[in-house]
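Give the three-dimensional model of this entry:
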Amino acid sequence: MAAAHERYDAVIVGAGPFGLLLSTCLARWGYKIKHIDNRPEPTPTGRADGIQPRSLDLLRNMGLKRAIMAHDPAKVYEVAFWDPSKDGIYRTGTWASCPRFIDARYPFTTLLHQGLIERVFIDDMEKNGAKVQRPWTITGFKNDGWDSTYPVEVNLERLDGGVTETVRAKYLFDGEGARSFVRTQLKIPIHHKDPIAHVWGVMDGVVRTDFPDIKMKCTIHSDAGSIMVIPRENNMVRLYIQIASSTDPNWDPRKTATVEEVQTAAKKILKPYYISWDRVEWYSVYPIGQGIAERYTLDERVFMGGDVCHTHSPKAGQGMNTAFLDAQNLAWKIHAVESGFAERSILKSYESERKAIAENLLNFDAAYAKLFSQRLPSAGEVKTANADSPTEENQFVKTFKASCEFTSGYGVAYNENIFNWSPSHPARSDLFLSEAQGTTNLRTGRILSNANVTRVADANVVHLEQEIPLNGSFRIYVFGGKPSLNMQAINDFASNLTKPGSFYTAYLYKDLEAISYHEKHNPHSAFFTLATILNARRSDIEPEKLLPHVLARYRTHIYADDIWDANLPEAKAAAHAKMGFNQDRGAVVIVRPDGYVGCVVRLVEGSGSIDALNEYFGSFVAKQLGRSARKTVGFEERAML
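Reported below is the predicted structural model:
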């Protein structure tokens, strides 16, 4: 008989951005985790450093943004472009890092070295009973089916003592980075977009210089080469400096250079400005290559994410951010399956959603890196038909501007699938709204639009999209319109929501009376949070008198849509209008646990709105819904508080 091995819900390999965010979520949600990393300590300095606006939203939604910002990171609001001139280099213009049309809460890139970011996650994990074991590595694994509940056997070894351990797990998650043991063992190939054509050095340090934009992000092209400038915390600056190109007569993709050689190159590129270094904190050399894994999983038991799946240049600041979203996407889906909420088949959507995003990233990065590495013509070489006409933007600047939405993180758009409603979805009600048909401004598979509203409970003006945290719950936003005109629809919605067989009652807690009076987000079910937004003044909303009981119970998730919006100056209910809803009649928005819109339905009198949502959820939840479902005792009979 086989020896008994310790059992875990998840074994996570690698404590980079993918592994740490995944571990943080699963630890918060009560899963037993074995998390290892082959490094003796967290990243001491260097490596990834840029947190994009969408990722900052995510960190705030997880309650981690404040800890990140406590390190006083640099913030990049603008990017300066510098090009060749007869005297060296000159500034040709600036552009917002996150332009206003993106409507970001945090329209800047946050710069902080990866080690400090890692520590924020590690501290949160430890609060929830998980920790990273170091220095351990994975030496083998197999999904042998010997134990149907814990089908994956994982072999581990401690690197500084030769101790070995074999454990069993429901899942193995690989976040080792580009040199992945797991991916190699699975024989999953990496497909490279283009051959390596450029080698760059990256250097973090404290400098002295008269270069005027040293505190801004800059892209610099000169006759002597190219540099990207990234401001950092603690008076540091990061420089990406071109070392070699395939156009060189002695091209070597494995070429390296000393710190001194790279500093000499930087001095030449920055002329007529000077630069010197007080100290260098970190230095590395890397080739640019875009690669993507053919698969992210083979069996929905062993998963990969982050740099294991996609490699690209670091200059667009996407590596850590893409890894964060890989982990977030996977975490809530694993939770949905393991908690009994959803069918196991939904796990296939991790690869289809995230691989498509990675392919878009690589296409952008290949074009961006190629343009960045090219020598641009100097001012004296540019011939214009009219000396008084403005100089046309070069292709590099055009590419940068066109890609701002994508690089900010707000351009992520998941395709239609079981979670992201479209006309081809199994749910076919006529009440579904869609951007394509012009019936809503919300596109399924994209992030919920930002909106400012007044929280009725305490009169605080809040960010609606941030009010429900990342806790594994679907978010149900009831935009109720004007109460004086729409109360029948609101009451009918609540009445049908609480009927036996609805998607909501199917997943009620078994013992509602045991739930704390103070529970804000999940007083009825671990899988849903309700929020009600009304086209009314805050002073006119008395939840217990105005709203049906099931909505009123969410005391801190009732909002007045009474905040003026400069983008919609004529709107009486700006949040309704921003979503593209009739301000009197409203609609219902279902948002996935990761903040992306799942579906939008009209709010109508009768059972239609709930019937449509039963169809939507019925396409992927584990329980049968509707009239044929097992009878569930209704809300009123259970004396809900």
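
residue nearest the centroid of this protein?
Leu325 (3.4 Å; C-alpha atoms, centre = their mean).

what helices or strands is the helix or strand containing that one leaning on?
Element membership for Leu325, per DSSP states H and E: helix 319-338. In terms of contacts (3 or more C-beta pairs under 8 Å, 6 or more residues apart in numbering; DSSP states H and E), helix 319-338 is packed against helix 17-28, strand 50-51, helix 53-61, strand 164-174, helix 348-373. The C-beta positions use only the backbone N, C-alpha and C, and glycine is treated the same way.

Looking at these, which is nearest to Thr556?
Smallest distance to Thr556 across the helices and strands packed on helix 319-338 (C-beta to C-beta): 15.9 Å, for helix 53-61.

Identify the residues contacting Thr92.
Going by C-beta atoms under 8 Å, 6 or more residues apart in numbering, Thr92 touches Phe81, Trp82, Asp83, Thr391, Val397.

export the residues you listed to TSV and tack on secondary structure and neighbour count?
Formatted as TSV, the contacts of Thr92 follow (DSSP: H, G, I helix; E, B strand; the rest coil; neighbours: other C-beta atoms under 10 Å):
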residue	secondary structure	neighbour count
Phe81	strand	21
Trp82	strand	24
Asp83	strand	22
Thr391	coil	11
Val397	helix	19
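
Farthest pair within these?
Maximum distance among those (C-beta to C-beta): 13.6 Å, for Trp82 and Thr391.

Could I get the full set of helices for the stretch 51-200 of the chain?
Secondary structure of the stretch 51-200 of the chain (DSSP state H, counting those that start in this stretch): helices located at 53-61, 65-69, 114-127, 181-185.

Which among the ones you listed is found nearest to Leu485?
Smallest distance to Leu485 across those (C-beta to C-beta): 33.0 Å, for helix 53-61.

Quick one: mean pLDDT over stretch 550-564.
Average pLDDT, stretch 550-564: 98.

Flag every buried residue along that stretch.
By 16 or more other C-beta atoms under 10 Å, the buried positions in stretch 550-564 come out as 550-563.

which residues touch the residue nearest to the centre of the chain?
Arg54, Ser55, Leu58, Arg354, Ile357, Gly409, Val412, Asp594.

In space, what's closest to the last one - neighbours in sequence excluded?
Just to be clear, that refers to Asp594. Excluding its sequence neighbours, the residue lying closest to Asp594 (C-beta to C-beta, 6 or more residues apart in numbering) is Gln328, at 5.1 Å.

how close does the one you found sit to Gly306?
12 Å (C-beta to C-beta, to the nearest Å).

next one: Asp278
Distance from Asp278 to Gly306, by C-beta to C-beta: 33 Å.

again, but for Ala266
The spacing between Ala266 and Gly306, counted by C-beta to C-beta, is 30 Å.

Also Thr399?
Going from Thr399 to Gly306 by C-beta to C-beta gives 25 Å.

try Lys268
36 Å.

So if I had to pick from those two, which one is more boxed in?
Gly306 (29 against 12; other C-beta atoms under 10 Å).

and the more buried one, what is it in contact with?
So Gly306 contacts Gly14, Gly16, Pro17, Phe18, Gly19, Gly175, Gly177, Gly319, Thr322, Ala323, Asp326, Ala327 (C-beta under 8 Å, 6+ apart).

And it, its phi and psi?
For Gly306, the backbone dihedrals (degrees, to the nearest 10) come out as phi 70, psi -140.

returning to what we had before: most surrounded residue in the contacts of Leu325?
Busiest of the contacts of Leu325 [other C-beta under 10 Å] is Ser55, holding 28 neighbours.

And stretch 446-455, end to end?
With C-alpha to C-alpha, to the nearest Å as the measure, stretch 446-455 spans 25 Å from end to end.

what sits up against that stretch?
54, 57, 103-105, 410, 412-414, 441-442, 460-465, 467, 477, 533, 538, 556, 558-563, 565, 574-575, 578-579, 589, 591, 595-597.

Tell me the helices and strands packed up against the lowest-mean-pLDDT helix or strand in the chain.
Least confident helix or strand of the chain, by mean pLDDT, DSSP states H and E, is helix 395-402 with a mean of 73. Identification of packing neighbours for helix 395-402 by 3+ C-beta pairs under 8 Å, 6+ apart yields strand 78-85, strand 88-96, strand 217-222, helix 348-373.

neighbouring strands for the second one, and are they parallel or not?
Strands that pair with strand 88-96, judged by DSSP bridges, come out as strand 78-85 (antiparallel).

cool, the third one as well?
The sheet places strand 217-222 alongside strand 78-85 (parallel), strand 225-231 (antiparallel), with pairing taken from DSSP bridges.

got the angle between the shortest one and helix 348-373?
This points to strand 225-231. 120 degrees (axes from the mean of the first three to the mean of the last three C-alpha atoms, to 10 degrees).

Please enumerate residues in contact with strand 225-231?
49-50, 74, 76, 111, 211, 213-220, 237-242, 265-266, 268-270, 315, 372-373, 375.

Filter these down to the buried ones.
Looks like the contacts of strand 225-231 have 49-50, 74, 76, 111, 211, 213-214, 216-220, 237-242, 265-266, 269-270, 315, 372-373 buried, using 16+ other C-beta under 10 Å.
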